[in-house]
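*Asks:* Here's my sequence, what's the structure:
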Amino acid sequence: MAKIAKKVAVAREGIDRNKLYSLDEAIKMVKSKASAKFDESVEIAMNLGVDPRHADQMVRGVVSLPNGTGKTVRVAVFARGAKADEAKAAGADIVGAEDLLETIQGGKLDFDRCIATPDMMPLVGRLGKILGPRNLMPNPKVGTVTMDVKGAVGAAKGGAVEYRVEKAGIIHAGIGKVSFSEEALLQNIKAFTDAVVKSKPAGAKGTYVKKVAVSSTMGPGVHVEPSTAL
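*Replies:* Below you'll find the model as predicted:
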């Protein structure tokens, strides 16, 4: 524990936890403070002025990051016949119907994104209690329930990021890797925050974007002046 505490203290050196940094400064700090032996993910957290318990204050959507996420995304597709063939040709990692249902019910969820054709939703609906809590349930609002299987698989593989506000009004997302250039991370963050702002629900009152912070997987969070990230 002492070693971990020391690492945390070293990582926080030079970062004023009470200061709001510009997005440019924050990205520089996150990159310089990343010291893990692997290529850490860079993450953003946005605290929004919404209460997602109310239907008119829910924020969710999908955005394609201009420079991708740097992560290998495994995609599962529920489809039959020609659409199943289309999914395989597009690069889906797992394609199936009842067989895929049984695999998931058996506890094997070896994928990061789940796509389904509309006709498969009665089947997929039986997995709500498994897929829902993991934010893997296909949904037409984010383009994962669609007949355009090829497009959906391509988007998922190419850096599309789903976002959904949590109970406390916070949205988390991975927006790249520490190995990305500062410019690439900046472009990705701007694309992400722009999408979140455009998703502002009708029921949101007062300040919409209250707080923004960026961090790497193992690094400390750096608080960002919200106006510089939007």
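*Asks:* contacting residues around stretch 184-199?
*Replies:* 23-24, 27, 31, 42, 44, 46, 48, 59-67, 69, 161, 163, 171, 173, 175-176, 180, 208-209, 212, 214, 229-230 (CB atoms under 8 Å, 6 or more residues apart in numbering). Every C-beta, even on glycine, is put in place using the N, C-alpha and C of the backbone.
*Asks:* The protein: helices as residue ranges?
*Replies:* Counting by DSSP state H, one finds helices in the chain at the ranges 2-12, 23-33, 81-90, 98-105, 121-124, 128-131, 149-157, 182-198, 226-229.
*Asks:* Now mean neighbour count, mean pLDDT and distance to V75 too, for the ones you listed, in a markdown table please.
*Replies:* Below are the helices of the chain laid out as a markdown table (neighbours: other CB atoms under 10 Å; pLDDT from 0 to 100; distance: least, CB to CB, whole Å):
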| stretch | mean neighbour count | mean pLDDT | distance to V75 |
| --- | --- | --- | --- |
| helix 2-12 | 11 | 53 | 34 |
| helix 23-33 | 19 | 94 | 28 |
| helix 81-90 | 16 | 97 | 8 |
| helix 98-105 | 15 | 97 | 12 |
| helix 121-124 | 15 | 97 | 14 |
| helix 128-131 | 13 | 96 | 14 |
| helix 149-157 | 21 | 94 | 5 |
| helix 182-198 | 19 | 97 | 20 |
| helix 226-229 | 17 | 95 | 29 |
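*Asks:* Just put these in JSON lines and tack on distance to C114.
*Replies:* Formatted as JSON lines, the helices of the chain follow (distance: least, CB to CB, whole Å):
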{"stretch": "helix 2-12", "distance to C114": "35"}
{"stretch": "helix 23-33", "distance to C114": "30"}
{"stretch": "helix 81-90", "distance to C114": "12"}
{"stretch": "helix 98-105", "distance to C114": "9"}
{"stretch": "helix 121-124", "distance to C114": "8"}
{"stretch": "helix 128-131", "distance to C114": "6"}
{"stretch": "helix 149-157", "distance to C114": "9"}
{"stretch": "helix 182-198", "distance to C114": "21"}
{"stretch": "helix 226-229", "distance to C114": "30"}
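*Asks:* out of these, which comes closest to I115?
*Replies:* helix 149-157 (4.8 Å; CB to CB).
*Asks:* Which neighbouring elements make contact with the closest one?
*Replies:* strand 75-78, helix 81-90, strand 113-116 (3 or more CB pairs under 8 Å, 6 or more residues apart in numbering; DSSP states H and E).
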